[in-house]
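Undergrad: Attaching a predicted model along with its sequence, questions to come.
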Amino acid sequence: MTAVNTRKADAAYDIKDINLADEGGRRTEWAEQFMPVLRQIKARFEKERPLEGKKLSACLHVTTETANLAITLKAGGADVALCASNPLSTQDDVAAHLVKDHGIKVFAITGEDNESYYLHIKACLEHAPDITMDDGADLVSAVHMIALDRVDDLPVPVRDWANGLSAAERKQLVDGMIGSTEETTTGVIRLKAMADEGVLQFPVIAVNDSQTKHFFDNRYGTGQSTLDGILRATNILIAGSTIVVGGYGWCGRGFAMRARGAGADVIVTEVDPLRALEARMDGYRVMPMAEAAKVGDVFVTLTGNTTVVGLEHMKLMKDGAIIANAGHFNVELELEALPKVAKGPRRVREFVDEWILDGKRLYVLGEGRLINLAAAEGHPASVMDMSFANQALAAEILAKDRGELSNAVHRIPPEVDQDVAQLKLDSLGVTIDTLTGKQEKYLASWDEGT
Ligand SMILES: NC(=O)c1ccc[n+]([C@@H]2O[C@H](COP(=O)([O-])OP(=O)(O)OC[C@H]3O[C@@H](n4cnc5c(N)ncnc54)[C@H](O)[C@@H]3O)[C@@H](O)[C@H]2O)c1
């Protein structure tokens, strides 16, 4: 894919083609039918308007599910601006639909280059948000670089813009913020590091930490859609192949489960003894990456860490090995080392780049970007229903906050998690037992033993 550069980011929106809106509308409607919990929240938001008068800037993957979230936030009264949280994950028809049919300011084009990516982040900051909503903490960290007078550390388009702001305007950008929400593990790690350093300027709600988010989205969503992305990119036969899964967290265990279900021999690599033990007892082979590198056919990283597949591992791989990442950033693969020592890249099919390293062919999928969003459509709507229900409720919590929330990383209250789970169960037509009075009393007592 040729990287797209845009210079139109000062406009009211910046998308590929407004004429794609009808297709985006039909696909957004398709996703909506699988998002009953978010639909209920939207109906309530339309009546109660909890986000009335609030400006909200979101940096999320621009997919059909995100479209339904943005429409819900607007129904709640928010003035929404949206940019992409990854250069390859934007669905251009969805972006067009949001602009044309919902008046949402979208700044996102699939394949945008690095400069355009940050021009779009800048456009979302210019929106002067009361609330930001991130997937990977790119918006909120830019606000903090400005607040902490570290403008020189910002990528050029944002730096140039921030340098043009007066001291009072910079202060207003930060003081105007009620708070922020964060969608993914990697973003939460960055935010907790900011809180630990004592530099967090406003409250943040870690949506990822809701159980109705990471138990389901990270596990079942990433599990299924990562396999989907690999299949769409390569059309390889999974049965009989050896797949190496880097990381056995929520995402890794979901993908390992689905790869095994499709007939793969799965090897797990880990750095955490507990998770490694869990993987072993779940029936997988566990070994260091340096050993797995010699036997794997397909390598997939899902850790949130850097250089999980390094050049040293790539050198050990078999001819024809396939390498992909499904963690948030492409730093999980040491791709920047390849141009110095290997020949390539040669695009052999969409989303597949061939490199020749020491005479062996290596295939990197989706430029190392999260493969489930680069080559497929991301998580199914039914699982994003719960993640985005949490996002909408987190925005409502922030909008209603009257200064009770400290400048820390907060979780959504556990009872809200329970409510979201119950609503999802209801929508699936699943009923469960309830505790009897006798059982409640028993569980609250200590005096009844053997
Ligand atoms: N592709 C998607 O759509 C999607 C969805 C949700 C989360 N994510 C991202 O996926 C990543 C993982 O998220 P998670 O929720 O599973 O996190 P997690 O914390 O539950 O799991 C990460 C695991 O990786 C392991 N790990 C760390 N460094 C390692 C190394 N060098 N080698 C092997 N294992 C290592 C950790 O010990 C941990 O068990 C994050 O970047 C997250 O933001 C992606």
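TA: Received it, and whenever you're ready, just let me know what you need.
Undergrad: Point me to the residue of this protein nearest the ligand.
TA: The minimum distance from the chain to the ligand, using Cβ to the nearest ligand atom, falls at Gly249 (1.6 Å). For the C-beta atoms, the positions are set from N, CA and C on the backbone; glycine is no exception.
Undergrad: residue contacts, that residue?
TA: Gly249 makes contact with Thr185, Asn218, Arg275, Leu302, Thr303, Gly304, according to Cβ atoms under 8 Å, 6 or more residues apart in numbering.
Undergrad: Which one (most neighbours) among these?
TA: Using other Cβ atoms under 10 Å as the neighbour test, the contacts of Gly249 are led by Leu302, with 32 neighbours.
Undergrad: Mind pulling up the pLDDT for that residue?
TA: Predicted confidence (pLDDT) for Leu302: 98.
Undergrad: tell me the contacts of the residue lying closest to it once chain neighbours are set aside?
TA: Using Cβ to Cβ, 6 or more residues apart in numbering and skipping the chain neighbours, the partner closest in space to Leu302 is Cys251 (4.0 Å). Counting by Cβ under 8 Å, 6+ apart, Cys251 touches Thr185, Asn218, Arg219, Thr222, Gly223, Thr226, Leu302, Ala326, Gly327.
Undergrad: Domain parsing of the protein, as residue ranges.
TA: Here the domain parsing of the chain from automatic domain parsing is 18-213+379-426, 220-374.
Undergrad: How far does the shortest one sit from its chain's centre?
TA: Right, domain 220-374. Mean-position distance between domain 220-374 and its chain equals 18 Å (Cα atoms, centre = their mean, to the nearest Å).
Undergrad: picking up where we left off before, next secondary structure after the helix or strand the residue nearest to Leu302 falls within?
TA: Assigned by DSSP states H and E, Cys251 falls within helix 250-261. On the C-terminal side of helix 250-261, the nearest following helix or strand under DSSP H and E is strand 265-269.
Undergrad: before we move on, back to that, output the domains of the chain as CSV; include the columns distance to Asp433.
TA: Shown next, in CSV, are the domains of the chain (distance: least, Cβ to Cβ, whole Å):
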stretch, distance to Asp433
domain 18-213+379-426, 12
domain 220-374, 24
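Undergrad: Can you tell me which residues in the stretch 51-200 of the chain are near the ligand?
TA: Residues of the stretch 51-200 of the chain found near the ligand (Cβ under 6 Å from any ligand atom) are Thr184, Thr185, Thr186.
Undergrad: what kind of secondary structure is Ser180 in?
TA: strand (DSSP: H, G, I helix; E, B strand; the rest coil).
Undergrad: give me the number of residues near the residue lying closest to Phe351 once chain neighbours are set aside?
TA: Leaving aside its sequence neighbours, Phe351 sits nearest to Ala233 (Cβ to Cβ, 6+ apart; 3.9 Å). Residues near Ala233, counting by other Cβ under 10 Å, number 21.
Undergrad: Alright, that wraps it up for me.
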